[in-house]
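Undergrad: below are the sequence and a predicted model for it; my questions follow.
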Amino acid sequence: MNALRTTRTLVASATAVVLALGSASLAHGAVPADHSDDDQITIGIKFDQPGIGLKTPDGTYTGFDVDVATYIAKQLGHEPDQIVWKEAKSADRETMLQRGDVDFIAASYSINDERAEKVDFAGPYLLAHQDVLIRADDDSIKQPSDLNDKKLCSVTGSTSAQNVKEKIAPDAQLQEYGGYSECLTGLENGVIDALTTDDSILAGYAAQDEFKGKFKLGGFEMSNENYGIGVQKGSELKGKINTALEKMVADGSWDAAVEKNFGPANYQNEPAPKIGVIVEND
Amino acid sequence: MFDFLEGYDLLGAFWVTVQLTFWSALGSLVWGTLLAAMRVGPVPLMRAFGTAYVTVVRNIPLTVIIVFTSLGLFQTLGISLGADRFTTINFRLAVLGLTAYTSAFVCEALRSGINTVPLGQVEAARAIGLSFPQILRIIVLPQAFRSVVGPLTNVLIALTKNTTVAAAIGVAEAALLMREMIENEAQLILVSAVFAFGFICLTLPTGLLLGRLAKKVAVKR
Amino acid sequence: MRRVPASDEKAPPAKAKPPARTEAESATVLYDVPGPRARRRNLLWTVLFLAALAAVAWWVIAGLDAKNQLEAAKWEPFVTDGRVWETYLLPALKNTVIAAGLAMVLALPLGALLGIARLSDHRAVRAVAGTVVEFFRAIPVLILMLFANAAYAEFTDISPETRPLYAVVTGLVLYNASVLAEVVRAGILALPAGQTDAAKAIGMRKGQTMAYVLLPQSVTAMLPALVSQLVVIVKDTALGGAMLGFAELLASVRPMSANYGANTIACFTVVAVLFVLLNLALTTFASRLERRLRRGKRSTGAVVGAEAVDDLATPGPGERPPP
């Protein structure tokens, strides 16, 4: 019987410790630091895409989406230190907006019909295209049709991966991984010939110090990806964000952000898209 | 409500899941038995290896192991397991990774089964001069297997669901299709429900059938 | 001193006679004490096996080196750049520990309850518990987590910051409680029927029999299985990172490798080592606990301890444990 009592005591104390740990951290997570809730704005971005949205070792965030979102927040009346950045995984973006977890999402979020049924899009603010990243010394890939006997790589289930399978290079071999990093390791190792996704994302990687001179963009425009700012269905933010985006383009901040984030990769960006004009895929 | 299912090869994806499960189950039964034999065997180094293997493999998330088969074995060390197209390579790599992981659990289940065999039987076997491999093969393992059908069923059910991790290296099984559908349809919960149902169809009958088998073959003592 | 090591532990002193046979015991009983010829044969096997292991190790290292996977730039950040730990790894480790801890504390009692319910005399209770267990065992944990996340968003006002944690813990608890229920049930069923009969004979009620006779005895026997399920809980927290945006240890690989030039092999290795250390800490703690339970039992001089029961169940040679 004593054993049972010992078990009880042990379990009880373990419970107490864990619950204390848990609630301490919950409290910490739930109550934002110095600001009252009214001044806070929560924005969903990518945490793992250099050039788009990246959580750096300092704990700060960089990338084109981050710059655009910061500008918009400023126009909506929020200083940069009032922004709470939240990771918006691709699969989770619509639900995050529907549940109101974030105020808006700027996370390489292409506008399409299925998504537009669930959420509203402001913008578009960038026109990207599906492209390939290849080794700098590889001159066997000059046009999309060259890809057919190559080994391509992309992220599991992504639109780019499906595009390759169905349209661009049905005969090519496609490797799908959980993230772009694994594809890059393969590209470095020579097992993969080309990493394919939006050129904006690829440019971000090509511009990284570690990869300078190692990789280049193919420059193929294999699809049109209209990046929009996702907001809750029927949200009044849509109009305000559109105004902010127009202002961003007008005062030159948009160009500066493009130059800052994609410049080093020699990325030929499209001019700033007109608000509400979506370039369809042919 | 379910019109979003159109145009997707659900059955094909689940068929890949079944194949992954089957080959990995077969592989881990073999490798897990060998590991268990090493762990109870007379060679100290093999015992140590078996212990170390189980300790390390059991404590690493499966995703890491699966990703390593692709990044490490295939990409870096050039092991393509006799295939030259990604689909086949990845499938085989996934089977390899799932086998490596699951056999640690099979080994542990089997070892507890070996412990249920009465000492007297083994001593009798030694007395009539049977060697260690013979004792294992003829006396111990047949009884051990019968007593661990239950635990092994749990391992098999876990394995069936673990095959979803193979999506991490691009094996076109159920979880990969689920991600495609979520990306295209923006219907997270409905799509997940469909796949949850699919897995129930696979694992529930397995559990019930093997549960009955476990009762039937159990060694009465 | 009597003790039963967890599966991963070294063998106890030869004199000890624990209830379940330990690794060393079940081993030594399977073959004779090696004579000169057997020793030579063992040595030969050892040498061959060592050579094979060395060859594989060399081949792996050479392969990694040939593809520049061992270059300093890929591994250095983990040593020289403290920010890697501060920004990515340690906060993620903390989340993993919290989620796993909460899940364990909740799943253990729920699992015990379900396990006992499946042994109930009432058909309805058995049926309900059985359905719950079979249902949650059949669905992948990731999908359970997704459902929980959606349900919390729909029906509660848990803040979006902590919702992923709640969802992850809920998924883990539902699944692992059903698995633990099976462990508990098996543990109780493994006890000799005489235990229940004896309890009835001295006039104990069903609840008393369970609480004072069956559970205490089966707990020690179940511990190894319980511990390995706890390890599964720790590892399964990683599922929450993939789709729910729960910032746990495995998910930290993404932003990390994106910052340090896609050093995926290095990142995954470091995370794998952290998981192994975390789980080893858990199993070590559990085996300490187990030893303490057994010691405690002995010091009271309990008349019928699990040890004796086990000995009755699988009679072996050698000395009986002193009462």
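TA: Okay, I see it.
Undergrad: which strand or helix spans the residue most central in space within chain C?
TA: For chain C, the residue sitting closest to the mean C-alpha position, by C-alpha atoms, centre = their mean, is C:Ser228 at 2.0 Å. Assigned by DSSP states H and E, C:Ser228 falls within helix C:215-236.
Undergrad: cool, B:Leu34 as well?
TA: Using DSSP H and E, B:Leu34 falls within helix B:10-40.
Undergrad: roughly how far is stretch A:136-153 from the heart of the chain?
TA: 25 Å (C-alpha atoms, centre = their mean, to the nearest Å).
Undergrad: can I get it in CSV, CA atoms only?
TA: These are the backbone C-alpha positions of stretch A:136-153, laid out as CSV (Å, rounded to 0.1, in the frame of the first residue of the first chain):
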residue,chain,number,x,y,z
ALA,A,136,25.6,28.2,-61.7
ASP,A,137,27.7,26.0,-63.9
ASP,A,138,24.8,24.1,-65.4
ASP,A,139,24.1,25.2,-69.0
SER,A,140,21.9,22.3,-70.0
ILE,A,141,18.7,24.0,-68.9
LYS,A,142,17.9,26.9,-71.2
GLN,A,143,14.2,26.7,-71.6
PRO,A,144,11.3,25.0,-69.7
SER,A,145,11.3,22.0,-72.2
ASP,A,146,14.8,21.2,-71.1
LEU,A,147,13.4,20.2,-67.8
ASN,A,148,11.7,17.1,-69.1
ASP,A,149,14.7,14.8,-68.6
LYS,A,150,15.9,16.5,-65.5
LYS,A,151,15.4,15.9,-61.8
LEU,A,152,13.3,18.6,-60.2
CYS,A,153,12.6,19.3,-56.6
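Undergrad: and it, does that touch chain C?
TA: No - residues of stretch A:136-153 contacting chain C under C-beta under 8 Å from any C-beta of the partner chain: none, with a closest distance of 11.8 Å. The C-beta positions use only the backbone N, C-alpha and C, and glycine is treated the same way.
Undergrad: after the helix holding B:Leu34, which helix or strand is next? Please name it.
TA: helix B:44-58.
Undergrad: quick one on the thing from earlier: pretty sure the residue nearest to the centre of chain C is touching B:Ala109, no?
TA: No - the criterion here is C-beta atoms under 8 Å, and C:Ser228 misses it with B:Ala109 at 9.8 Å.
Undergrad: stretch A:202-218 near chain C anywhere?
TA: Yes - if you take C-beta under 8 Å from any C-beta as the test, stretch A:202-218 does meet chain C, through A:Tyr205, A:Gln208, A:Asp209, A:Glu210, A:Phe211.
Undergrad: please enumerate the helices of the stretch 151-282 of chain A.
TA: With DSSP state H, counting those that start in this stretch as the definition, the stretch 151-282 of chain A shows helices at residue ranges A:159-163, A:180-189, A:199-206, A:237-250, A:253-262.
Undergrad: repeat for the stretch 51-200 of chain C
TA: Using DSSP H, counting those that start in this stretch, helices in the stretch 51-200 of chain C cover C:72-75, C:77-80, C:82-83, C:90-117, C:123-138, C:141-155, C:163-189, C:193-201.
Undergrad: again, but for the stretch 1-150 of chain A
TA: Under DSSP H, counting those that start in this stretch, the stretch 1-150 of chain A gives helices at A:2-30, A:64-75, A:93-99, A:113-118.
Undergrad: of those helices, which shows the lowest average pLDDT?
TA: Least confident of the helices of the stretch 1-150 of chain A, judged by mean pLDDT, is helix A:2-30 with a mean of 46.
Undergrad: B:Leu73 and chain C, how far apart?
TA: 9 Å (C-beta to the nearest C-beta, to the nearest Å).
Undergrad: can you tell me which residues in the stretch 51-200 of chain C are near chain B?
TA: Residues of the stretch 51-200 of chain C lying near chain B by C-beta under 8 Å from any C-beta: C:53, C:59-60, C:63-64, C:67, C:69, C:134-135, C:137-143, C:146-147, C:150, C:179, C:182, C:186.
Undergrad: kindly supply the ChimeraX command isolating those of these that are buried.
TA: For the buried members of those, the matching ChimeraX selection, counting by 16 or more other C-beta atoms under 10 Å in any protein chain shown, is:
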select /C:63,64,67,69,134,137,138,139,140,141,142,143,146,147,150,179,182,186
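Undergrad: in chain A, what residue is nearest chain C?
TA: Closest to chain C within chain A is A:Glu210: 2.6 Å, counting by C-beta to the nearest C-beta.
Undergrad: neighbours of that residue, how many?
TA: By other C-beta atoms under 10 Å in any protein chain shown, 16 other residues sit near A:Glu210.
Undergrad: what residue ranges in chain C score low on pLDDT?
TA: C:1-29, C:296-323 (pLDDT under 70).
Undergrad: again, only using 50
TA: Scanning chain C for pLDDT under 50 picks out C:1-21, C:23-24, C:26-27, C:298-323.
Undergrad: the longest helix belonging to it - contacts with which helices or strands?
TA: Using DSSP state H to assign secondary structure, the helix with the most residues in chain C is helix C:264-300. Contacts defined by 3 or more C-beta pairs under 8 Å, 6 or more residues apart in numbering or on different chains; DSSP states H and E place helix C:264-300 against helix A:2-30, helix A:180-189, helix B:44-58, helix B:62-68, helix C:72-75, helix C:90-117, helix C:215-236, helix C:253-259.
Undergrad: in it, what's buried?
TA: Those would be C:264-272, C:274-276, C:278-279, C:282-283, C:286-287, C:289-291, C:293-294, C:296-298, for helix C:264-300 by 16+ other C-beta under 10 Å.
Undergrad: and for stretch B:69-87?
TA: B:Thr69, B:Ser70, B:Leu71, B:Gly72, B:Leu73, B:Phe74, B:Gln75, B:Thr76, B:Leu77, B:Ile79, B:Ser80, B:Phe86.
Undergrad: so A:Leu180 is in contact with A:Thr156, correct?
TA: Rather than Leu, residue A:180 is Tyr. No - judged on C-beta under 8 Å, A:Tyr180 makes no contact with A:Thr156 at a distance of 10.9 Å.
Undergrad: looking at those two, which one has more neighbours?
TA: Ranked by neighbour count (other C-beta under 10 Å), A:Tyr180 and A:Thr156 place A:Tyr180 first, with 28 against 22.
Undergrad: how close does that one sit to C:Ala251?
TA: As for A:Tyr180, its distance to C:Ala251 is 15 Å (criterion: C-beta to C-beta, to the nearest Å).
Undergrad: could you give the number of residues near the closest residue to A:Asp92 other than its chain neighbours?
TA: Among residues not flanking A:Asp92 along the chain, C:Gly245 sits closest, at 5.8 Å (C-beta to C-beta, 6 or more residues apart in numbering or on different chains). C:Gly245 has 22 neighbours, counted by other C-beta under 10 Å.
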